[in-house]
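Colleague: Okay, sequence plus prediction incoming.
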Amino acid sequence: MRLRLPTEHPAEPPTGYKIAHPVLSQDGARAGFTGVSLGGALPYGVVADASCLYGRRHRPPARLCDCGFHCVHDRAAAEALLCTAEHRGAVLLEVTVLGAYIRFEHGFRYARQRVRTATVGPCGCGAPAVAL
């Protein structure tokens, strides 16, 4: 017998928060992001589909794998991640969770996302940021 997760049918897609490093394409025409943990080597755009970083042939998020995009429900929890030394250059993203997702106590793991807003912290000198 295969255990199935309960399905949800929300009126609108869920929203979550995560942190990422901002990047520009080589020609400077497109902006994107790289993750702060496992997916840090693979840049993604404003709208992106997840893939399994372990090379397995399944669609994220698979129940027995930890692949897919990750976010938390609470903005304050994501902002707290920016306080660590290795993440001070990261930005706070508000994302719309699209496609299949698995809901956890503190967040989601999901197949597709749309970045709604990117919030930049202060400059290294302490002044408010005016540009990336």
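Modeller: That came in fine, so what should we check first? Numbers count the residues shown, from 1 in each chain.
Colleague: What ranges does the chain have for its strands?
Modeller: All strands of the chain, identified by DSSP state E, fall at 15-24, 31-34, 47-49, 69-72, 91-103, 107-119.
Colleague: ok, and for the least confident helix or strand in the chain by mean pLDDT, which residues are buried?
Modeller: Least confident element among the helices and strands of the chain, by mean pLDDT, DSSP states H and E: strand 31-34 (a mean of 91). Buried residues in strand 31-34, counted by 16 or more other C-beta atoms under 10 Å: G32, F33. C-betas here are computed from N, CA, C, even on glycine.
Colleague: got a list of contacts for that strand?
Modeller: Strand 31-34 has contacts (C-beta atoms under 8 Å, 6 or more residues apart in numbering) with 20-25, 40-46, 91, 93, 115, 118, 132.
Colleague: where's it relative to the chain centroid, distance-wise?
Modeller: Relative to the centre of its chain, strand 31-34 is centred 11 Å away, using C-alpha atoms, centre = their mean, to the nearest Å.
Colleague: Same question for stretch 118-129.
Modeller: In terms of C-alpha atoms, centre = their mean, the centre of stretch 118-129 is found 20 Å from the chain centre.
Colleague: That stretch: end-to-end distance?
Modeller: With C-alpha to C-alpha, to the nearest Å applied, stretch 118-129 spans 12 Å between its terminal residues.
Colleague: just to revisit the earlier point, now the contacts of strand 31-34: which count as buried?
Modeller: Taking 16+ other C-beta under 10 Å as the criterion, what is buried in those is A20, P22, P43, Y44, V91, L93, V115, A118.
Colleague: Isn't the fifth one up against V120?
Modeller: Yes: A contact is recorded between V91 and V120 when judged using C-beta atoms under 8 Å, the distance being 5.2 Å.
Colleague: Need the residues touching each of these two.
Modeller: The contact sets of V91 and V120 overlap at P22 (C-beta under 8 Å, 6+ apart).
Colleague: Count residues in the vicinity of D66, would you?
Modeller: Close neighbours of D66, defined as other C-beta atoms under 10 Å, add up to 13.
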